[in-house]
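Undergrad: here's my sequence, what's the structure:
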Amino acid sequence: MIRSADLREWRNHDVVDQEGHKIGALEAVYVDTSTDEPAMVTVRAGLPTRQRLFFVPVDDAVVGPGYLKVAQPKGLVKKAPSIGTDDVLPAEQEAAIFQHYDLPYRPGAGGERRLARR
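TA: Numbers count the residues shown, from 1 in each chain. Purely as a prediction, here's the structure:
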């Protein structure tokens, strides 16, 4: 299992898909608020003047020399909900991210957010 502290050390390293296609650079780690375990990372991608942060699940992710390999193909990630590089994920957008990857979504017991940036 990859811990959030381990992933934070990989900030700005390449994120690649299973076939080795570069998706972008790792920007931040988001943990599941119910377990405090890494659930998603944001990947900075796009043109230098129009970069976005794409959310990618870290289930089955593998750390390699200088990269993080995720289970999702590049094409799927590039169609995922995204935010601007200086934006914050709105709580109402969380469910759409999980839905995009066909993952179950449940807000916290008190209705709080499911994802928290670490």
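
Undergrad: which residues in this protein form strands?
TA: Here the chain has its strands, by DSSP state E, at 14-16, 22-32, 38-45, 52-57, 62-64, 67-69, 82-84, 115-117.

Undergrad: got a markdown table for these, with distance to residue 93, mean pLDDT and mean neighbour count too?
TA: C-beta coordinates here come from the backbone N, C-alpha and C atoms, glycine included. Formatted as a markdown table, these follow (distance: least, Cβ to Cβ, whole Å; pLDDT from 0 to 100; neighbours: other Cβ atoms under 10 Å):
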| stretch | distance to residue 93 | mean pLDDT | mean neighbour count |
| --- | --- | --- | --- |
| strand 14-16 | 20 | 96 | 21 |
| strand 22-32 | 12 | 93 | 20 |
| strand 38-45 | 12 | 93 | 23 |
| strand 52-57 | 9 | 96 | 23 |
| strand 62-64 | 27 | 85 | 13 |
| strand 67-69 | 23 | 92 | 19 |
| strand 82-84 | 8 | 93 | 16 |
| strand 115-117 | 10 | 89 | 16 |
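
Undergrad: determine the longest helix present in this structure.
TA: helix 94-100 (DSSP state H).

Undergrad: what packs against it?
TA: Judged by 3 or more Cβ pairs under 8 Å, 6 or more residues apart in numbering; DSSP states H and E, helix 94-100 has no packing partners among the helices and strands.

Undergrad: what residues sit buried inside it?
TA: By 16 or more other Cβ atoms under 10 Å, the buried positions in helix 94-100 come out as 94, 97-98, 100.

Undergrad: export that helix as CSV, just CAs?
TA: What follows is helix 94-100, C-alpha atoms only, in CSV (Å, rounded to 0.1, in the frame of the first residue of the first chain):
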residue,chain,number,x,y,z
GLU,A,94,-16.5,15.1,-5.7
ALA,A,95,-19.3,12.6,-6.8
ALA,A,96,-18.6,13.3,-10.5
ILE,A,97,-15.0,12.3,-10.1
PHE,A,98,-15.9,9.0,-8.5
GLN,A,99,-18.6,8.4,-11.1
HIS,A,100,-16.2,9.1,-14.0
